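Dropping the sequence and predicted coords here.
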Amino acid sequence: MEVRFTSCGDTAFNVEFGETIDRATNARVMALHARLKAAPPPGLVETVPTFRSLLVVYDPVATGRREMQAAVEAALAGSDAAPAEGRLWRLPVCYDPDLGHDLAELCDGIGLTAEQVAALHGSVEYFVYMLGFMPGFGYMGDLPAELERPRRTEPRVRVPAGSVAIAGRLTTVYPWESPGGWHLIGRCPVPLYDGGRPDPVLLAAGDRVRFEAVDRAAFDRIAEAASAGRFDPASLRAA
Amino acid sequence: MSGFLTVIRPCPFTTVQDLGRFGYQELGMPVAGALDPVALRLANALVGNPQGMAGLEIALLGPALRVDAPAVRIAAVGPLALTLEREGDAPQPLAPHRSHTLRQGDVLRLGAVDGASVAYLAVAGGFALAPVMDSLSTYVRAGIGPLGGRPLAEGDRLPLAFEAAPDGPDVEVPQPPDYGAGPLRVVLGPQEDRFTEDAVETFLSATYRVGKQADRMGLRLEGPALAHLGSADIPSDGLVTGSLQVPGNGQPILLLNDHQTAGGYAKIATVISADLARAGRLRPGDGLSFQAVTVEEAEAIRRRQEQAIAGWIRAIRPVRPTGGIDLEALYAENLISGTVDIVNGGSDIPLL
């Protein structure tokens, strides 16, 4: 698809690379994000990557749409090399029905056991397409097709922090307690947002994630260490 | 020694805000920042600060602050009642839109905000608070910002960067800032093509009302429903302050500073940057309508607004002594009115 520019008032525009959520489209978003970050045109405030488009935010007093779009078009015409591969994280998950409140209902709906759901969820390496919804909330894909479900028709008013959840072909870990409409299948004991860390947000767009099943005892141990500040998230980075 | 303003009355709707936390939206971090950036900038100018310094954003009812410093200079901008309680004196109302120099032990009561959603208090030198991700804006929903990212609470001690008030007289802006009137101006898009022609026409001609669900995240608007062409859902993409997203029920939501960084509803239009302060001042029950402009027109309007703000700041003058004619002030004003006339050339924003 041709690149399309759409206006967000006089402070931003979208650079759209497609209409669908897929790795190839997102790779073009991330490549432009990386290029503009490495050599920001004058007046650029920031760029925000999403599934299939890049939001370019600029200061309309320091520059203008015409100049900024020209600078972005020049960056697009430059090298189309893929951005550097993101970090790989191994996130522990306890797939316990007491922690994943929708696990039982989900199993009934798709005719799989809790063990099968956990095995399938942990069977692939996920790609962090984007962050959004709340600080540190990563939209990761692609979920194995067997686990694909639409969002809950009745969103939950309170989803506990750390909940591991699925919807469509995506999965996530809720960094905060919040409302939410995804199916909760387990919980991660490591906070995805921690204001006490030098980099409070764990994941970045472009990172990769593998989920590794842990039992309840290990979940409790890691959660306790994390809340006491004795857990180094760097230990989750795969070599 | 160090100085503080000590909060001596709860004020659940007062937060520390600057002009926003930019640069972290790729991590899902909302920008936050002052709902009415024009008022914060003017308040800062009145106490001699850079315009983007953090001040207190006050909604509904403000705090009472005790001066625990030898002296401090403050200024409020917005529709806010201020009262000074000074040892041995009767409580005295203080005018907004000018600076005041307070002494040790003074109590400043910031009363009701009436006429807009917010008002601002700036202190000379600013607050000696540590920035979080390069900003002193407060995002309460996730507890991000100074004071643990929460509103001011009784007993808080706000550290002052200056231990004394600056030299020189108190100053005033001759008139409160003029935000203009009429429809809020918007640029259509980014997804106006996801709506019927009738919906776009309705959006640009109807009057909407701000519903009860209105906070720093956004204003739910009530009025004629806007029909989508097909589904209201899009692959989530980036949002800006001023985005008008329309969920399946067809009722638009005007996103304000605490908006999420990305969302999955089609957006029919975006309020232009020059009108964001007006949008941020809206309250439940207020009526509003929209007028479409091009990006180029929006940029020109914003440039004229910046010239107008610069004119207001240049017009800041020493407070006239009560009684008698202040020749110096009169002279300064004559010079300023000449400047303002030039600045006002072609502006659609009324000046002082």
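Alright, I've got the coordinates.

Can you name the residue of chain A nearest to chain B?
residue A:55 (2.8 Å; Cβ to the nearest Cβ). In short, each C-beta sits where N, CA and C put it, glycine included.

ok, and the closest non-adjacent residue to that residue?
residue B:238 (2.8 Å; Cβ to Cβ, 6 or more residues apart in numbering or on different chains).

Report how many residues lie close to the one you found.
Residue B:238 has 27 neighbours, counted by other Cβ atoms under 10 Å in any protein chain shown.

Now do it, the pLDDT please.
The predicted structure scores residue B:238 at 97 on the pLDDT scale.

coming back round to it: write down the beta-bridge partners of the residue of chain A closest to chain B, one by one.
Applying DSSP bridges to residue A:55 yields these beta-bridge partners: residue A:14, residue A:48.

so what's it up against?
A:8, A:12-14, A:47-49, B:25, B:237-240 (Cβ atoms under 8 Å, 6 or more residues apart in numbering or on different chains).

Looking at the residues you listed, spot the one nearest residue B:128.
The closest of the contacts of residue A:55 to residue B:128 turns out to be residue B:25 (Cβ to Cβ; 27.2 Å).

Hmm, that closest one is touching residue A:49, no?
No - look at residue B:25 against residue A:49 with Cβ atoms under 8 Å: they stay out of range, at 9.6 Å.

Same drill for the two, tell me which one is more crowded.
residue A:49 (29 against 26).

Residue numbers of the stretch 251-352 of chain B in contact with chain A?
By the rule Cβ under 8 Å from any Cβ of the partner chain, the part of the stretch 251-352 of chain B lying against chain A is B:260-263, B:267, B:270-273, B:295-296, B:298-299, B:302-303, B:306.

Repeat the analysis, applying 7 Å as the threshold.
B:260-262, B:270-273, B:295, B:298-299, B:302, B:306 (Cβ under 7 Å from any Cβ of the partner chain).

Are any of the residues you listed buried, and if so which?
B:260-262, B:270-273, B:295, B:298-299, B:302 (16 or more other Cβ atoms under 10 Å in any protein chain shown).

taking these one by one, which sit in helices?
Among these, the members found in helices (DSSP state H) are B:295, B:298-299, B:302.

farthest pair in the residues you listed?
Maximum pairwise distance among those (Cβ to Cβ): 10.5 Å, between B:295 and B:302.

Could you pull out the residues contacting both of the two?
Contact criterion Cβ atoms under 7 Å, 6 or more residues apart in numbering or on different chains; residues shared by residue B:295 and residue B:302: residue A:10.

check whether the helix or strand of chain A at the bottom of the mean pLDDT ranking contacts chain B.
The weakest-scoring helix or strand in chain A, judged by mean pLDDT, DSSP states H and E, is strand A:178-180 (a mean of 88). No - under the criterion of Cβ under 7 Å from any Cβ, chain B is not reached by strand A:178-180; the shortest gap measures 8.5 Å.

centre of the chain versus the next helix or strand after that strand, how much separation?
Per DSSP states H and E, the first helix or strand lying C-terminal to strand A:178-180 is strand A:183-187. Relative to its chain's centre, strand A:183-187 lies at 16 Å (Cα atoms, centre = their mean, to the nearest Å).

And the contacts of strand A:183-187?
Contacts of strand A:183-187 (Cβ under 7 Å, 6+ apart): A:93-96, A:99-103, A:106, A:117, A:121, A:149, A:152, A:159, A:162-167, A:219.

end to end, how far does stretch B:144-160 reach?
This stretch, stretch B:144-160, spans 21 Å end to end (Cα to Cα, to the nearest Å).

Give me the contact list for that stretch.
Here stretch B:144-160 has contacts from A:135, B:2-16, B:63, B:69, B:72, B:123, B:125, B:127-130, B:132, B:136-140, B:142-143, using Cβ under 7 Å, 6+ apart.

buried sites along it?
Using 16+ other Cβ under 10 Å as the test for burial, stretch B:144-160 gives B:144-147, B:149-152, B:156, B:158-160.

what does stretch B:92-100 give?
In stretch B:92-100, the ones that count as buried by 16+ other Cβ under 10 Å are B:94, B:96-100.

sec struct for the closest residue to residue B:46 other than its chain neighbours, please.
Of all residues not flanking residue B:46 in the chain, residue B:75 sits nearest, at 3.6 Å (Cβ to Cβ, 6+ apart). Under the three-state scheme (DSSP: H, G, I helix; E, B strand; the rest coil), residue B:75 adopts strand.

Any residues of chain A in contact with chain B? List them.
A:6-12, A:14, A:21, A:45-46, A:48-53, A:55, A:57, A:60-61, A:64-65, A:130-137, A:176, A:201, A:205.

Mark which of these are buried, thanks.
A:6-12, A:14, A:21, A:45-46, A:48-53, A:55, A:57, A:60, A:64-65, A:130-137, A:176, A:201, A:205.

and residue A:142, how many residues sit next to it?
Neighbours of residue A:142 (other Cβ under 10 Å): 17.

quick one: contacts for it?
residue A:169.

ok, now with 10 Å
Counting by Cβ atoms under 10 Å, 6 or more residues apart in numbering or on different chains, residue A:142 makes contact with A:21-23, A:124, A:126-127, A:129, A:148, A:168-171.

Drop anything exposed from the residues you listed.
So, by 16+ other Cβ under 10 Å, the buried ones in those are A:21, A:126-127, A:129, A:168-171.

Tell me the buried residues in stretch A:158-166?
Using 16+ other Cβ under 10 Å as the test for burial, stretch A:158-166 gives A:159, A:162-166.

What about the residues you listed, which are in strands?
A:159, A:163-166 (DSSP state E).

ok, of these, which one's closest to residue B:204?
residue A:159 (38.1 Å).

Am I right that the closest one is in contact with residue A:176?
Yes - shown here, residue A:159 and residue A:176 form a contact pair, counting by Cβ atoms under 10 Å, at 8.8 Å.

Can you give me the end-to-end span of stretch B:279-298?
15 Å.

One more: stretch A:76-86?
Length of stretch A:76-86, first residue to last, Cα to Cα: 21 Å.

SS state for residue A:75?
Assigned with three-state DSSP, residue A:75 falls in the helix class.

Local confidence estimate at the residue of chain A closest to chain B?
98.

Against residue A:140, how distant is it?
20 Å (Cβ to Cβ, to the nearest Å).

show me the contacts for the residue nearest to residue A:146 when sequence neighbours are not counted.
Spatial nearest neighbour of residue A:146, excluding adjacent residues (Cβ to Cβ, 6+ apart): residue A:120 at 5.8 Å. By Cβ under 10 Å, 6+ apart, the residues touching residue A:120 are A:110, A:112, A:143-147.

the helices in the stretch 201-350 of chain B, which residues?
B:276-280, B:295-314, B:327-343 (DSSP state H, counting those that start in this stretch).

shaky segments in the stretch 251-352 of chain B?
Applying pLDDT under 70 to the stretch 251-352 of chain B flags the ranges B:322-352.

what residues go with each domain of chain B?
B:4-172, B:184-304 (the TED database).

May I see the ones you listed organised as a markdown table, with distance to residue A:28 added?
Below are the domains of chain B laid out as a markdown table (distance: least, Cβ to Cβ, whole Å):
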| stretch | distance to residue A:28 |
| --- | --- |
| domain B:4-172 | 16 |
| domain B:184-304 | 14 |
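
what pairs with the most centrally placed residue in chain A across the strands?
Central residue of chain A (Cα atoms, centre = their mean): residue A:138, 2.0 Å from the mean position. Residues in a beta bridge with residue A:138, per DSSP bridges, are residue A:131.
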